[in-house]
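[1] fold the following.
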Amino acid sequence: MASDQNSWNLFGYDLGFLWSRYVGAWHEVFWHYSSAVRQWLDERVIVVDSDETDAGTISGQHEKAVAYRLSNDDYLVREVNIPSSAQLTLKDVVEAEVFASSPFLPEDTVFGWTWEPNGTVVRVLIAIASKSAVMNRLHQCDLSIKSDSLEIWAAPEKDNIVLEGFGEAARNSRYKKRLLTFGALISISMISVVGGAAIPMSYKAHELSELNARYDEVNRAARSAVAMRSELALRNDLIDKLNTFSDMSVWPLDPLSALSEQMPDDSWLMAYVQQGRQVDLQGAADNAATLMQDLSQYPLFQDLTPTAAIRKVGRSEKENFQLKFFVPMREELR
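    So this is what the prediction gives:
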């Protein structure tokens, strides 16, 4: 980057020139007298024509902005056509043309201009006048008039041209305040619109946040319920397995209870051995054969068979017997 007294250059681009062109474009939009924005926002101006002016016409106006419109003999008119691409340098072109064309002294020269597109060119109309001659013309009407009391306009064609250097500065100052006020109102309106649009969005965001919190809470409860359900299923499965194992097992209390019911009082057991379904018995009874016959009729004692011959016990009348049978599983008894 290189710099000198008049410009800032970046890779060959004059940044000062680009900035001035940028500012000039916004100036044309908001500040120039022919701007549509200014014509809409600017205050009302009372125009007094030169051929209607007398001593009381100007001093009798009560508006803040009063313009005196010169006759065509009081100013010079220059017309310049420049390419449309040079529109951003319009002010420089006008100042150069005024400097070259004005017959008046530079400090006595006042001018204004207006422009309009005309195909591929821009038609510029420039009005040039002598400030001292204009003041002499005004003092013929009223000696109390000062240079900043009135605006001076020229109308070589349909559009009015404001000659700068008179009372237009006061109107420009008031317009600047009005423009800033209007900009502030627009900004406040936009902020209000955005804020108004943001209120329901914020409310919806709050609702969504609450909904997400509830969703997380339900998810946690659901996960807890699923975990409990899984645990319950595992426990139910274990209980089913235990029940199945219980149903497929043989309990010794069942055959013992049946034997106590079926055996008469004069008989007893001397040995009871159970391995799974098989039961081996050894006992004594008055009539072992009859007892074995009775026991074989009982459904709990399946495949009852003697394992040894019946024999007498010493000198007593009791007979020893040994037998085996199979006990059905509990599931078969249901």
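
[2] CA only for contacts and neighbour counts going forward, please
    Fine.

[3] check contacts around residue 175.
    Under the criterion of CA atoms under 8 Å, 6 or more residues apart in numbering, the contact partners of residue 175 comprise 41, 42, 43.

[4] any idea how far it is from residue 187?
    In this structure, residue 175 lies at 18 Å from residue 187, with CA to CA, to the nearest Å as the measure.

[5] in this protein, which spans are strands?
    Along the chain, the segments classed as strands by DSSP state E run 2-3, 8-10, 13-14, 46-49, 66-69, 76-83, 109-118, 121-130, 151-154, 161-163, 268-275, 278-285, 302-312, 319-326.

[6] mind listing what the residue positioned nearest the centre of the chain touches?
    For the chain, residue 201 is the residue whose C-alpha lies nearest the centre (CA atoms, centre = their mean; 8.1 Å). When the contact criterion is CA under 8 Å, 6+ apart, residue 201 has no partners at all.

[7] okay, it: pLDDT?
    Per-residue confidence (pLDDT) for residue 201: 83.

[8] excluding residues flanking it in the chain, which one is nearest residue 319?
    Once flanking residues are discounted, residue 319 sits nearest to residue 312: 4.5 Å by CA to CA, 6 or more residues apart in numbering.

[9] hmm, I was thinking of residue 286
    The shortest distance from residue 286 to any residue other than its chain neighbours is 4.7 Å, reached at residue 318 (CA to CA, 6+ apart).

[10] give me the pLDDT value at the one you found.
    pLDDT, the model's per-residue confidence, is 83 for residue 318.

[11] what's the separation between it and residue 310?
    For residue 318, the distance to residue 310 equals 10 Å [CA to CA].

[12] most neighbours among the contacts of residue 175, please name it.
    For these, neighbours were counted using other CA atoms under 10 Å, and residue 42 has the most, 18 neighbours in all.

[13] can you pull out the helices in the protein?
    According to DSSP state H, the chain carries its helices in the segments 15-30, 36-41, 90-101, 131-139, 168-248, 253-262, 288-297, 330-333.

[14] among those helices, which is nearest residue 120?
    Distance to residue 120, taken as CA to CA, is lowest for helix 90-101 among the helices of the chain, at 14.8 Å.

[15] report the rounded mean pLDDT for the closest one.
    pLDDT averaged over helix 90-101 equals 88, rounded to a whole number.

[16] again with stretch 104-119
    Stretch 104-119 shows an average pLDDT of 89 in the prediction.

[17] so where is the stretch 151-300 of the chain shaky, pLDDT-wise?
    Scanning the stretch 151-300 of the chain for pLDDT under 70 picks out the ranges 245-251.

[18] distance check, the closest residue to residue 321 other than its chain neighbours against residue 256.
    Beyond its immediate neighbours in the sequence, the residue positioned closest to residue 321 (CA to CA, 6+ apart) is residue 310, lying 5.0 Å away. According to CA to CA, residue 310 and residue 256 sit 22 Å apart.

[19] more neighbours: which of those two?
    Taking neighbours as other CA under 10 Å, residue 310 and residue 256 compare with residue 310 leading, 16 against 12.

[20] from what I can see that one touches residue 319, true?
    Yes: proximity of residue 310 to residue 319 meets the contact threshold set by CA atoms under 8 Å, at 6.3 Å.

[21] shared neighbours, these two?
    Both residue 310 and residue 319 are in contact with residue 288, where contact means CA under 8 Å, 6+ apart.

[22] check which residues of stretch 92-110 are buried.
    93, 94, 98, 102, 104, 109, 110 (16 or more other CA atoms under 10 Å).

[23] relative to residue 213, how far out is the first one?
    With the distance defined as CA to CA, residue 93 ends up 68 Å from residue 213.

[24] kindly report the same for the third one.
    Using CA to CA, one gets 75 Å for the distance from residue 98 to residue 213.

[25] repeat for the fifth one
    Taking CA to CA as the measure, residue 104 and residue 213 are separated by 82 Å.

[26] and for the second one?
    As defined by CA to CA, residue 94 lies at a distance of 69 Å from residue 213.

[27] how about residue 197?
    Taken as CA to CA, the span from residue 197 to residue 213 is 25 Å.

[28] what of residue 78?
    Counting by CA to CA, the gap from residue 78 to residue 213 is 76 Å.

[29] and what of residue 310?
    Spatial separation of residue 310 from residue 213 under the definition CA to CA is 84 Å.

[30] how many residues are close by residue 297?
    Neighbour count for residue 297, taken as other CA under 10 Å: 11.

[31] same question for residue 268.
    Applying other CA under 10 Å, we find 16 residues neighbouring residue 268.

[32] quick check: it touching residue 284?
    Yes: assessed by CA under 8 Å, residue 268 is found in contact with residue 284 at 5.6 Å.
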